[in-house]
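# A predicted structure for the sequence below; I have some questions about it.
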Amino acid sequence: MDKSVSQQKLKTTGLEDTMTRPGLAARAVQKMVDGAEALNLKYSAVGNPPVFETDAFPWAREVESEWQLIRAELDKVLVRKGELPAFHEISSEVRSISSDKNWKTFFLCGYGITSENAIAQCPETWRILQKIPGLKSAMFSIFEPGKHLPPHRGPYNGVLRFHLGLIVPDEPEKIAIRVDDQVCHWQEGKALIFDDAYEHEAWNHSDKVRVVLFVDFEKPLNFPAKMTNKAVLNMAVFTPFIREGYKAHKKWETLFYGEGQKHR
């Protein structure tokens, strides 16, 4: 079921606003983003449900069919799990919802920036990711036992979120994600596609690790929203959040891989 723009709240009550910055220029950008969000709802080519049917995106089944190759590369990454960064150490905008070590990440790409080291370590994962039209970001998202992300929403509704279950303990009563009013459960080798502009929260109340491939991709839109959305997304690489995240990740990679890091 589609939802109205009023139900895709721009802010989540009770959480620190880390996405808006002071200044005339920032207000002008935010006004443009707010206008683009309204267009994205009006001109969506796939509707505006909180959670999508997997078959609405034919490429998702192709990615599912190769999930074990991704899992094999993940297993090698997890050998050094203790050295992986907490999400808030790379992306400061999540600090209001996560400030502990229990949400770890292994970054491959994000809004115009890629990690050549991560891609070299996970070449099959990178190859499979190329099947996703409008790929904007990708990483392994690792929930340690007991992790609970409180209700929040993403910063912009011009992308959709794709999760592919890679390590999911068989305890659905303890591990889940709520998107708007729908509670969903990850499964190994299965996709979950949702709109993170709706309020959502996620938890792992088990005593085992949960890992998904975490992807943002461009929301399919009709004209004129398709054009304005691309413009907004292309600006993301110039925002303080992406630039600061790039610097933090580059610093972490220097320690993880050694000197001589290369990015493009």
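Right, received. Where do you want to start?
# any residues touching stretch 118-131, and which ones?
Identification of contacts with stretch 118-131 by C-beta atoms under 8 Å, 6 or more residues apart in numbering yields 59, 62-63, 66, 69-70, 72-74, 76-77, 106-109, 135, 138, 213, 215. Glycine gets a C-beta too; all of them are placed from N, C-alpha and C.
# based on its surroundings, how many neighbours for residue 155?
19 (other C-beta atoms under 10 Å).
# ok, it touching residue 93?
Yes: counting by C-beta atoms under 8 Å, residue 93 is a contact partner of residue 155 at 7.3 Å.
# if we can go back for a sec, out of the contacts of stretch 118-131, which are inside helices?
In this view, those that belong to helices under DSSP state H are 59, 62, 63, 69, 70, 72, 73, 74, 76, 77.
# confidence score at the fifth one?
Put plainly, it is residue 70. On the pLDDT scale, residue 70 is placed at 99.
# what sits closest to it if chain neighbours are left out?
residue 125 (4.8 Å; C-beta to C-beta, 6 or more residues apart in numbering).
# in what helix or strand does that neighbour lie?
Remark: residue 125 resides in helix 123-129, with elements defined by DSSP states H and E.
# buried ones in that helix?
Along helix 123-129, these residues count as buried under the neighbour rule (16 or more other C-beta atoms under 10 Å): 125, 126, 128, 129.
# return a PyMOL selection command for the buried portion of the contacts of stretch 118-131.
To isolate the buried members of those in PyMOL, using 16+ other C-beta under 10 Å:
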select buried, resi 63+66+70+73+74+77+106+107+108+109+135+138+213+215
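# quick one, helices of the protein?
Going by DSSP H, the chain shows helices at 24-42, 58-65, 67-77, 87-90, 116-121, 123-129, 225-235, 240-257.
# quick one: pLDDT of residue 225?
Looking at residue 225, the pLDDT reads 98.
# what's near enough to touch it?
So residue 225 contacts 36, 39, 40, 42, 43, 44 (C-beta under 8 Å, 6+ apart).
# give me the low-pLDDT residue ranges for the stretch 151-264 of the chain?
Low-confidence segments of the stretch 151-264 of the chain (pLDDT under 70): 259-264.
# nearest to residue 145 among the buried residues of helix 123-129?
residue 125 (24.3 Å; C-beta to C-beta).
# and the closest one, how far from residue 83?
19 Å (C-beta to C-beta, to the nearest Å).
# what's around residue 91, how many residues?
Neighbours around residue 91, by other C-beta under 10 Å: 22.
# residues in contact with it?
Counted by C-beta under 8 Å, 6+ apart, residue 91 has contacts 241, 245, 248.
# run a quick neighbour tally on residue 33.
19.
# residue 87 against residue 94, yeah?
Yes: contact status for residue 87 versus residue 94: in contact at 5.4 Å, counting by C-beta under 8 Å.
# which residues are common contacts for those two?
residue 103.
# neighbour count for those two, which is higher?
The neighbour comparison of residue 87 against residue 94 (other C-beta under 10 Å) goes to residue 87, with 26 against 19.
# distance check, the more buried one against residue 185.
Residue 87 is 22 Å from residue 185, by C-beta to C-beta.
# mind checking how far residue 47 is from residue 195?
From residue 47 to residue 195 the distance is 10 Å (C-beta to C-beta).
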